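Asker: Sequence and predicted structure are below.
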Amino acid sequence: RIEYTMDSANKITLTPSLSFQDNEATSLIAASNVVGDNVTLSKTNTSSRNTNLGYDFNNNLLFQHKFKKNGRTLSSGINTQLSERINPGKYNSQSIYNDTVSGGLDQIYGLYSYTKKASLNLAYTEPLNKFSQVQVNYNPSYTLSKSDKSTKDYDTTRSDFTNFNSALSNKYDNEYMTQRAGLGYRYQKNKLNLSLGLDAQQSQLSGQQSFPVSSSISYPFQNLLPNAQLNYRSSKSRNLRIYYRSNTNIPGISQLQSVTDISNPLLVKTGNAQLKQTFENNLNIRYGGYNVEKAKNLMLFINGSSTSSYISNATYILKADTILQGTLIRKGSQLSKPVNLNGYYSGRAFFVYGFPIRKLKSNLSLSGGFNYGRTPAIINDLLNYSGSYSGNGGLSLSSNISESLDFTLLYNGSYTAVKNTVQTSS
């Protein structure tokens, strides 16, 4: 981070970052699809190896200006991001379907991808009085992503990977442009700090596939994005924070690509060019308090979120041999693709309470938490909601009897349950 203070009213801050990746992963899979009374639909032995080479570069240039009037400011930030990946890999598999039909794969592939993003953030603040101010902000951005995958099959006559597999190769470009502007209000007096805001966002998601077949998508979106924050410090030792934010996210380029992934022949994956953006709501509540005289402390954390058009998966068990994008998928295999579904929720609550036990010259700390998640998915054309529940609790008793004698007793327990609204069988 580099900071340059031009004078008392102007400041420039440059924050660059750069990271590299170089790793290799190998997996061995021995799997089978079994239904009913141990009826085997298919089984496979698969080995795969892939390498990840890449880098991520991020740079933020911020200019800040203070006017003579107290509270009147202007800031301008330019952010640029660049990431690039090279992912060569290989997979080999031998599969049996319905105990009669066998199949094998011996392939190599090369995947090249990059993402470029540039954004501008302009913000102007104007004081209304001694305790409050308004802020006007404008934030346009542009993101370009590219993915190019090439797959080759092994040629036994040449003892080399020379047969180009067009059905498992793909070229896809993705663009995402946003125009976002908003108005905010902030009030600060004594123990209370409150801010409210509302942004309007116009965005456009465009995709262009040039191989193996040409196709394109273009989706416009309009959103209102509210936000709020409250910070109340009732005393030096007690503080309450409430934070709410809404935002949107777009699908990744690998989710949009209509290319088949058969690295596990029993669980075949493909993309979905019809995916839309998601809309998310997040609420966080934090409370912390400490009593100096009684040596007691309490921390409470609550988080909740919901997502509309959540990107989940639709999974199907194929009842017949199927041609998917030029690739034969055998009966008994599972086919999975991403889809937009409503009804995703998650919540978490956690607390820690500590106090002394003077007769034992010890401190006791109690903790507990609860987590809940509700995830929608499609299983064989049926909408399923998977609800996960988990609770945990613990205690810690630590002594301070003397300089020569101390002890600590710990206990932690947890419970987890998962419930699905659809139980599938065939």
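Answerer: Good, I have the coordinates. Residues are numbered from 1 along each chain as shown.
Asker: alpha carbons only for contacts and neighbour counts from here, please
Answerer: OK.
Asker: does Pro251 sit in a helix, a strand or a coil?
Answerer: Classification of Pro251 into helix, strand or coil gives coil, according to DSSP: H, G, I helix; E, B strand; the rest coil.
Asker: what ranges of the stretch 251-400 of the chain fall below the confidence cut-off?
Answerer: Across the stretch 251-400 of the chain, nothing is flagged by pLDDT under 70.
Asker: can you give me the helices for it?
Answerer: According to DSSP state H, counting those that start in this stretch, the stretch 251-400 of the chain carries its helices in the segments 253-256.
Asker: Tell me which helix or strand comes right after the helix or strand harbouring Tyr142.
Answerer: With elements delineated by DSSP states H and E, Tyr142 resides in strand 132-155, which encompasses its position. In the C-terminal direction, the helix or strand that comes right after strand 132-155 (DSSP H and E) is strand 160-164.
Asker: Neighbouring strands - and their directions - for that following strand?
Answerer: Paired with strand 160-164 in the same sheet, following DSSP bridges, are strand 132-155 (antiparallel).
Asker: Where do the strands of the stretch 301-426 of the chain begin and end?
Answerer: Secondary structure of the stretch 301-426 of the chain, counting by DSSP state E, counting those that start in this stretch: strands at 310-317, 322-324, 327-329, 334-341, 344-357, 362-379, 382-399, 408-420.
Asker: and those as TSV, adding distance to Ser93 and mean neighbour count?
Answerer: Converted to TSV, the strands of the stretch 301-426 of the chain look like this (distance: least, CA to CA, whole Å; neighbours: other CA atoms under 10 Å):
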stretch	distance to Ser93	mean neighbour count
strand 310-317	20	21
strand 322-324	19	13
strand 327-329	14	16
strand 334-341	16	21
strand 344-357	36	18
strand 362-379	26	19
strand 382-399	31	17
strand 408-420	32	11
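Asker: Could you point out which of those strands sits nearest Val292?
Answerer: Using CA to CA as the criterion, the shortest distance between Val292 and these is 10.8 Å, found for strand 344-357.
Asker: can you give me the strands for the stretch 1-150 of the chain?
Answerer: Secondary structure of the stretch 1-150 of the chain (DSSP E, counting those that start in this stretch): strands at 2-7, 10-35, 39-66, 73-97, 101-127, 132-155.
Asker: Alpha carbons only: can I get the shortest one in PDB?
Answerer: Read that as strand 2-7. Listed in PDB are the C-alpha atoms of strand 2-7, where the atom choice follows Å, rounded to 0.1, in the frame of the first residue of the first chain:
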ATOM      1  CA  ILE A   2       1.400   3.400  -1.100                       C
ATOM      2  CA  GLU A   3      -0.100   6.600   0.300                       C
ATOM      3  CA  TYR A   4       0.800  10.100  -0.900                       C
ATOM      4  CA  THR A   5      -0.600  13.200   0.900                       C
ATOM      5  CA  MET A   6      -0.500  16.000  -1.500                       C
ATOM      6  CA  ASP A   7      -1.600  18.600   1.000                       C
END
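Asker: Could I get the average pLDDT for that strand?
Answerer: Strand 2-7 shows an average pLDDT of 94 in the prediction.
Asker: can you check the longest one too?
Answerer: Confidence over strand 39-66, taken as the mean pLDDT, stands at 91.
Asker: If you count contacts, what does that strand end up packed against?
Answerer: Packed against strand 39-66 by the contact rule (3 or more CA pairs under 8 Å, 6 or more residues apart in numbering; DSSP states H and E) you find strand 10-35, strand 73-97.
Asker: buried sites along it?
Answerer: Residues of strand 39-66 classed as buried: 40-52, 54-56, 58-66 (neighbour count, 16 or more other CA atoms under 10 Å).
Asker: what lines up beside that strand in the sheet?
Answerer: Sheet pairing here is set by DSSP bridges, and for strand 39-66 it gives strand 10-35 (antiparallel), strand 73-97 (antiparallel).
Asker: Ok, which of those comes nearest Gly103?
Answerer: When the strands paired with strand 39-66 are compared for distance to Gly103 using CA to CA, the nearest one is strand 73-97, at 5.2 Å.
Asker: That closest one vs strand 101-127, what angle?
Answerer: Orientation check (axes from the mean of the first three to the mean of the last three CA atoms, to 10 degrees): strand 73-97 against strand 101-127 gives 170 degrees.
Asker: pLDDT of the strand holding Tyr142, averaged?
Answerer: The predicted confidence, averaged over strand 132-155, sits at 95.
Asker: distance between it and the chain's centre?
Answerer: Here strand 132-155 shows a centroid-to-chain-centroid distance of 15 Å under the convention CA atoms, centre = their mean, to the nearest Å.
Asker: for stretch 66-75, same thing?
Answerer: With CA atoms, centre = their mean, you get 37 Å for stretch 66-75.
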